[in-house]
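> how would this look folded up:
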Amino acid sequence: HVPRPLCFISKDSLTLAIDLLYWRDIKQTGIVFGSFLLLLFSLTQFSVVSVVAYLALAALSATISFRIYKSVLQAVQKTDEGHPFKAYLELEISLSQEQIQKYTDCLQLYVNNMLKELRRLFLVQDLVDSLKFAVLMWLLTYVGALFNGLTLLLMAVVSLFTLPVVYVKHQAQIDQYLGLVRTHINAVVAKIQAKIPGAKRHAE
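Numbering: from 1, shown residues only. This is a model prediction of the structure:
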C-alpha cells in the first residue's frame, strides 16, 4: 500500500543502480561493492565518529598531497595551470528551489502514505493483513536477537549485489519454487479467512 519513493531517484540514477547490481561493468561494481563492504566492516570495528574522521583524514591527505605536488610541479616547470581542482570548485552543487520542493513533496507523500498504512494495520482495518504484520514483527524479534543492525545491513548489501545475478542465472527454477511457496501461503491465508468471522477476502 505504501508507494516506493521513486520520485527521489532520477532515471539515470536508477539505470546506474541497475547496472551496478547486475554487474554489467564488473570493475565499477567491484569498486562500489568493495567500498561498501570496507565501510561496513570498519563500522563493526570502530565507532561511526572514528570511521568518519579516518575517511575525512584520508581524503584530505590525498587532496593536500596532490595540491602540493601540482604546485611544486608548476614551479619547477614554470607553468601556470592554476588550481588543480578548479573545475570541481566551479562545479554547481547547490539544489534549486524546484528540486527542494520536489523532494519535499515526495517525502511528504511517502510519510503520509506510510502513516496511513500503519494506522490501517494497528487499528485492524483488515484482520488478515494485521495478522500478517504481527507475524512479521514476531519473526523480527528473533532476527533482532540473532543479529545487530550492522550485521543486517552487511547482509542486505551482500544480498543486493548477489541475489539479482543469481536470479538471472536460475530464473526458471527460482520462479517455480516461488510459485509453490505463494500457492501454499495463499491456501493457508484462505483457510484463515474462512475460519475467522469478518475477515475480508482479498483477490490474490
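> Name the spans of this structure whose pLDDT lies under the cut-off.
Scanning the chain for pLDDT under 70 picks out the ranges 1-10, 197-204.
> center of it - which residue?
residue 157 (8.0 Å; C-alpha atoms, centre = their mean).
> Now that residue: closest residue in space, sequence neighbours ignored.
Excluding its sequence neighbours, the residue lying closest to residue 157 (C-beta to C-beta, 6 or more residues apart in numbering) is residue 36, at 5.0 Å. C-betas here are computed from N, CA, C, even on glycine.
> Could you check how far the closest residue to residue 21 other than its chain neighbours is from residue 170?
What sits nearest to residue 21 in space, not counting adjacent residues and going by C-beta to C-beta, 6+ apart, is residue 164, at 4.9 Å. Counting by C-beta to C-beta, to the nearest Å, the separation of residue 164 from residue 170 is 12 Å.
> Check residue 141 too.
Distance from residue 141 to residue 170, counting by C-beta to C-beta: 32 Å.
> and the two? which has more neighbours close in?
residue 170 (12 against 8; other C-beta atoms under 10 Å).
> What about residue 144? Give its phi and psi, please.
Main-chain torsions, residue 144, degrees, to the nearest 10: phi -60, psi -30.
> So what's the residue count around it?
Neighbour count for residue 144, taken as other C-beta under 10 Å: 11.
> returning to that earlier point: in what helix or strand does the residue nearest to residue 157 lie?
For residue 36, the enclosing helix or strand under DSSP states H and E is helix 26-45.
> can you pull the buried residues of that helix?
Neighbour-count burial for helix 26-45 flags 29, 32-33, 36, 40, 43 (criterion: 16 or more other C-beta atoms under 10 Å).
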